[in-house]
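Asker: Take this sequence and fold it.
(one chain, ligands or ions: 1)
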Amino acid sequence: MNTAAALRLDYLSSDQLVAQSPAWWHSVLGVVGFEKLPEIDRDRVPVTASMTPSLGAAENLCEVWRVSGNQRIQLSNGTMTQGRVQYRYCDELLFGSITVDEQAIDELAVEAPALLRATETAYREIFEVLNATEHRHLIRIWNYLPDINREADGDERYRHFNSARQTAFRNSGRTTIGSVPAASALGSPAGSPISIYFLAARHAPMMVENPRQTSAYYYPRKFGIHSPVFSRACVLSEAAGTNLFVSGTASIVGHETIHQGDVVAQTRETIANINALLDEANRMVGSARYSLDALKLKVYVRQPRDLAAINTALTATVPCSTPIVYLQADVCREDLLVEIEATGESSHDL
Ligand code: 3EB
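Answerer: Model (predicted):
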């Protein structure tokens, strides 16, 4: 039996979601809402939300991850739960999500800042699931933290998050450089829970670094004692196709932010960074498989008033057929006004 799976990403409205067939739902690994939890039966598939307000037409869109193939692929029966993690998987791939309420963690009255403990708890529980189901390779992870740039307990909250993330990788015996997942880390409104969702795979992906940028795990100490643990991109090859996951990408060259205060120049620099990553990925796979005009984009905008300028700069470079979702989010350096993540897919002829 051929069980070749391909991972697919769609941005669908809630109306489009309710119109889908039971067979289609059978193939769904997980659904992500943007500004609020989508109203979907959570026993059937994991459902989560980044809590980042939508800008423009993204209002009732959901991000849907599913597997398809030339045969019906066997998925776990509905949503599985372990600790705080909700997940669903097939043989090769797993989608999971976790939300942690910092206030609830605080009630445990331990010394360390709540965000540190909440992040460590989240990552420990994620790794416990991956070990249990043997989808050991975290390939892509999205992190949404309330108040990401606020100072608390002597440091910026994003830096506390970085410390805890690094500790959690170490504690689970995982490397913190090289073979680390593609990621995004954004701010959500104050009072939101910490919301993390992820994709994992049974087989290792190929990590891609950007020749124009210092690897984030080698950032100098001035950006925090503990470096962020993420790769610039990764390529996942499965029997039925490949996926490219481009991490949150911003106007950083080397390790420095450039074009401070100029949102159009930041947008152009971000696109140049994504193009450099695509070239690097193509060089590594040995073909011109990936290009900007075949990606799906999610754009995080710090200041809603910059939306039009960012959109103009972007649509001058990508074709009008490119799906672009705009969300309001604080970016994890105060001087970054925009961050763009992307996903690409290509199918093999079976
Ligand atoms: C940067 O390039 C911008 O901490 O997981 C982008 C993607 C960024 C992921 C993370 C941070 C993260 O450093 C910030």
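Asker: For stretch 143-153, the averaged confidence score.
Answerer: Mean pLDDT, computed over stretch 143-153, is 95.
Asker: Return the residues of the stretch 201-350 of the chain in contact with the ligand.
Answerer: Selection of the stretch 201-350 of the chain residues close to the ligand by Cβ under 6 Å from any ligand atom yields 216, 228, 230, 247-248, 250, 252, 332. Quick note: C-beta positions are derived from backbone N, CA and C, even for glycine.
Asker: counting contacts, what elements does the helix or strand bottoming out on mean pLDDT in the chain pack onto?
Answerer: Every helix and strand of the chain was ranked by mean pLDDT, DSSP states H and E. The lowest is helix 102-106, at a mean of 78. With contacts taken as 3 or more Cβ pairs under 8 Å, 6 or more residues apart in numbering; DSSP states H and E, helix 102-106 sits against helix 114-133.
Asker: What is the subsequent helix or strand relative to the helix it packs on?
Answerer: strand 137-146 (DSSP states H and E).
Asker: in that following strand, what's buried?
Answerer: Under the neighbour-count criterion of 16 or more other Cβ atoms under 10 Å, strand 137-146 has 137-146 buried.
Asker: show me where pLDDT drops low in this protein?
Answerer: Along the chain, the model assigns pLDDT under 70 to residues 1-4, 58, 70-71, 106-111, 347-350.
Asker: what is the most centrally placed residue in it paired to in the beta sheet?
Answerer: The residue lying closest to the centre of the chain (Cα atoms, centre = their mean) is Trp142, at 3.1 Å. With DSSP bridges as the criterion, Trp142 is bridged to Ser184, Tyr197.
Asker: and it, what does it touch?
Answerer: Trp142 makes contact with 32, 50, 183-184, 186, 196-198, according to Cβ atoms under 8 Å, 6 or more residues apart in numbering.
Asker: contacting residues for the nearest residue to Cys234 once chain neighbours are set aside?
Answerer: With sequence-adjacent residues excluded and distances taken as Cβ to Cβ, 6 or more residues apart in numbering, Cys234 is closest to Pro205, at 4.2 Å. Contact analysis of Pro205 by Cβ under 8 Å, 6+ apart lists 137, 139, 234-237, 245.
Asker: Quick check: the residue nearest to the centre of the chain vs Val129, distance?
Answerer: Per Cβ to Cβ, to the nearest Å, Trp142 is found 16 Å from Val129.
Asker: Many thanks, I have nothing further to ask.
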